[in-house]
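In: coords below, sequence missing:
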């Protein structure tokens, strides 16, 4: 009698534990916070879980915080999948933090723009451009070209990022017949821009604050942030520069080396690259789709950073070489700080 | 009895290990475009000993010294009123106004200054935002509550009977202040100044936001190296260099003030 009771208690306990145990180990996704995480959660993760039954958890942080954490956890990663910018992805790759993508598990990758496949380790999720954005209520003349930034009338009105000066350095080089590899060609031109710059920003939030308050009414700015400002009622105008294209930025996804959920991570990436999810990502982020079959709202068609065809990726945007960018960024930053930022 | 020291020694050991790891990192070669580091080198120290980085150190020391002096000048009258007012209501209000900034946080306060200094609330005769002047205003505001509390504590220990005695012997109010009150409040002045100087040396959000990228102090330059250039060995070297200079400076100021105090 007593042994039966013990057996019954053990059975109930076992069933209880089984009921409390999670259905499956979650897929852990590393991503930026705020709107980025919320959008990926709503547009990708929740439908993904509904479709596959795989729960998704997020690790949220800045680009470099997450890189540092990934490095510390090398070989036994805390996350399974990472979203980051394409050139920072190069740093992950350099340290062996990414696993090679198994393209046979990514059938939707066949539909995406060739430019979005950044390497055998990381693949684009959406695109945008760094271009000129300004407030027409505070700047009376039209800005239509990169060269307009050098007009004396814009002195003391321009703000630009100092955390990554690669965009303006490349544009100045392009204007002088060079490119990101021969960036020194644009140095003198950039020096002439110094007195026009009122402030440098180091975060997207700072950039938007400068625009909202009018303290930096002309900016070299992320197109996604400009669309976000428009939604908030700030009347900003995005320029599709007539002389040289905007600098394309691509955010990417990759599977972490050593992830025990590599299959689920591939499923997630494939799901995010699908036409329907890409359509929703465009609508939510105001970014360009990497899947050319995605439906783009009429108001975004032809806008900066939104590319609809393979040809548009090349014609309306300048894509920097990731490796050159990752390797030269420290030198750019040092030169830019010494010659442009410092008084 | 010695066992009681164990927790403190453990904490010190953790910090020492972290510092040791930072020092070790500063001696590894930076490989651009990679997180991997090269062999042992002194190149990082040569790099951060350049005029550009020493300029950041100089700017930091000048801003910290100016902040200390201005904070002291702005805080002393408030601390004096706080210590000497006979009105309970006035003392309570002064205390509330002094402590209020502590409850808002550094970032919120700095964002508020962004609006005030940026010609949106007040029209300034000279540019304030994104200049050293603006950063100085933010740093002084940030430091004032602590300075006021330290000065008020020191002033409350000064027996008013000394001042009354000096006045009764014919000293003018100004002479009483210069010869009696000020010297007797020197412990508060020294400790307050040292604390404000030391923490201003490591200021980060105020110059980051109010400086608009144009005013950089040591912490901002370390962040630029580490987070923007991915040059972690360089950032470690500059942090070590800055730490050494800061300790040397504080030791010098401390010795100076100790000698002054002894007189």
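Out: The structure has been received and is ready for your questions. Worth saying up front: this structure is predicted, and the values here are computed from it rather than measured.
In: how close does the residue of the stretch 1-150 of chain B found nearest chain A sit to residue A:322?
Out: Chain A sits closest to residue B:33 of the stretch 1-150 of chain B, with a gap of 3.1 Å, by C-beta to the nearest C-beta. For the C-beta atoms, the positions are set from N, CA and C on the backbone; glycine is no exception. Counting by C-beta to C-beta, to the nearest Å, the separation of residue B:33 from residue A:322 is 9 Å.
In: shared neighbours of those two, anything?
Out: residue A:90 (C-beta atoms under 8 Å, 6 or more residues apart in numbering or on different chains).
In: picking that back up, look up phi and psi at the residue of the stretch 1-150 of chain B closest to chain A.
Out: Note on residue B:33: its backbone torsions stand at phi 80, psi 10 [degrees, to the nearest 10].
In: pLDDT wise, what is the nearest residue to it once chain neighbours are set aside at?
Out: Setting aside the residues directly before and after it, residue B:33 is nearest to residue A:327 in space (C-beta to C-beta, 6 or more residues apart in numbering or on different chains), at 3.1 Å. The model reports residue A:327 with a pLDDT of 91.
In: which parts of the stretch 101-250 of chain B sit against chain A?
Out: Proximity of the stretch 101-250 of chain B to chain A, by C-beta under 8 Å from any C-beta of the partner chain, involves residues B:111, B:114-115, B:118, B:120, B:129-130, B:208-209, B:212-214, B:216, B:224, B:226-231, B:234.
In: could you flag which of those are buried?
Out: B:111, B:114, B:118, B:129-130, B:208-209, B:212-214, B:216, B:224, B:226-231, B:234 (16 or more other C-beta atoms under 10 Å in any protein chain shown).
In: can you tell me the SS state at the closest residue to chain B within the stretch 101-250 of chain A?
Out: When scored by C-beta to the nearest C-beta, the stretch 101-250 of chain A has residue A:200 as its residue closest to chain B, at 2.7 Å. Applying DSSP: H, G, I helix; E, B strand; the rest coil to residue A:200 yields a three-state assignment of strand.
In: neighbours around the residue nearest to residue B:33, how many?
Out: Residue A:327 has 17 neighbouring residues, counting by other C-beta atoms under 10 Å in any protein chain shown.
In: now for it: which residues touch it?
Out: B:32-34 are the contacts of residue A:327 under C-beta under 8 Å, 6+ apart.
In: let's see it at 10 Å
Out: Counting by C-beta atoms under 10 Å, 6 or more residues apart in numbering or on different chains, residue A:327 touches A:87, A:90, A:94, A:321, B:31-34.
In: residue A:177 too?
Out: Listed by C-beta under 10 Å, 6+ apart, the contact set of residue A:177 reads A:185-186.
In: can you rerun that using 8 Å?
Out: residue A:185.
In: name the SS class of it, please.
Out: Under three-state DSSP, residue A:177 falls in the coil class.
In: is it true that residue B:171 lies in a strand?
Out: No - looking at residue B:171 with three-state DSSP, it is coil, so not inside a strand.
In: now it. Nearest residue, chain neighbours left out?
Out: Residue nearest to residue B:171 in three dimensions, not counting chain neighbours: residue B:179, with 6.8 Å by C-beta to C-beta, 6+ apart.
In: how near is that neighbour to chain A?
Out: Distance from residue B:179 to chain A, counting by C-beta to the nearest C-beta, to the nearest Å: 43 Å.
In: helices along the stretch 201-343 of chain A, start to end?
Out: A:204-213, A:223-231, A:262-273, A:275-285, A:310-315, A:322-336 (DSSP state H, counting those that start in this stretch).
In: the inter-axis angle of the second one versus helix A:275-285?
Out: So that's helix A:223-231. For helix A:223-231 against helix A:275-285, the angle by axes from the mean of the first three to the mean of the last three C-alpha atoms, to 10 degrees is 60 degrees.
In: so what does helix A:223-231 touch, helix or strand wise?
Out: Judged by 3 or more C-beta pairs under 8 Å, 6 or more residues apart in numbering or on different chains; DSSP states H and E, the packing partners of helix A:223-231 are strand A:122-134, helix A:204-213, strand A:237-238.
In: so where do the strands sit in chain B?
Out: B:28-30, B:37-40 (DSSP state E).
In: ok, and for the longest helix belonging to chain B, which residues are buried?
Out: When chain B is parsed with DSSP state H, its longest helix is helix B:51-84. Residues of helix B:51-84 classed as buried by neighbour count (16+ other C-beta under 10 Å): B:52-53, B:56-57, B:59-61, B:63-68, B:70-72, B:75-76, B:78-83.
In: distance from the chain centre to it, please.
Out: 7 Å (C-alpha atoms, centre = their mean, to the nearest Å).
In: ok, it near chain A or not?
Out: Yes - under the criterion of C-beta under 8 Å from any C-beta, chain A is reached by helix B:51-84 at B:52, B:55.
In: quick one: that helix to helix A:322-336, angle?
Out: Going by the same axes, to 10 degrees, helix B:51-84 makes 60 degrees with helix A:322-336.
In: by contact count, what packs against helix B:51-84?
Out: Judged by 3+ C-beta pairs under 8 Å, 6+ apart, the packing partners of helix B:51-84 are helix B:88-99, helix B:132-156, helix B:186-201, helix B:218-223, helix B:232-262.
In: save those helices as a markdown table, and put in mean pLDDT too.
Out: What follows is the helices and strands packed on helix B:51-84, written out as a markdown table (pLDDT from 0 to 100):
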| stretch | mean pLDDT |
| --- | --- |
| helix B:88-99 | 92 |
| helix B:132-156 | 95 |
| helix B:186-201 | 92 |
| helix B:218-223 | 94 |
| helix B:232-262 | 84 |
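In: go through those helices and name the closest to residue A:181.
Out: helix B:232-262 (22.9 Å; C-beta to C-beta).
In: how much does that closest one deviate in direction from helix A:322-336?
Out: Taking the same axes, to 10 degrees, helix B:232-262 and helix A:322-336 form an angle of 30 degrees between their directions.
In: make JSON lines out of the helices and strands packed on helix A:223-231 and add distance to chain B and mean pLDDT.
Out: Listed next are these as JSON lines, based on distance: least, C-beta to the nearest C-beta, whole Å; pLDDT from 0 to 100:
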{"stretch": "strand A:122-134", "distance to chain B": "15", "mean pLDDT": "96"}
{"stretch": "helix A:204-213", "distance to chain B": "6", "mean pLDDT": "89"}
{"stretch": "strand A:237-238", "distance to chain B": "21", "mean pLDDT": "96"}
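In: now render the ones you listed as TSV, adding mean neighbour count.
Out: Converted to TSV, the helices and strands packed on helix A:223-231 look like this (neighbours: other C-beta atoms under 10 Å in any protein chain shown):
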stretch	mean neighbour count
strand A:122-134	26
helix A:204-213	20
strand A:237-238	17
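In: for residue A:191, find the nearest of these.
Out: Relative to residue A:191, the nearest member of the helices and strands packed on helix A:223-231 by C-beta to C-beta is strand A:122-134, separated by 19.4 Å.
In: in its sheet, what does the very next helix or strand once past the closest one sit against?
Out: Next helix or strand after strand A:122-134 toward the C-terminus (DSSP states H and E): strand A:158-161. Strand A:158-161 pairs in its sheet with strand A:197-201 (parallel), strand A:218-222 (parallel), by DSSP bridges.
In: nearest spatial neighbour of residue A:229, chain-adjacent residues omitted?
Out: Counting by C-beta to C-beta, 6+ apart, residue A:236 is the residue found nearest to residue A:229 once chain neighbours are left out, at 5.1 Å.
In: and for residue A:206?
Out: residue B:209 is the one closest to residue A:206 (C-beta to C-beta, 6+ apart), at 7.1 Å.
In: nearest residue to the residue in the stretch 101-250 of chain B positioned nearest to chain A in space, please, no chain neighbours.
Out: Taking C-beta to the nearest C-beta as the measure, the stretch 101-250 of chain B has residue B:213 as its residue closest to chain A, at 2.7 Å. Residue nearest to residue B:213 in three dimensions, not counting chain neighbours: residue A:200, with 2.7 Å by C-beta to C-beta, 6+ apart.
In: done for today, thanks.
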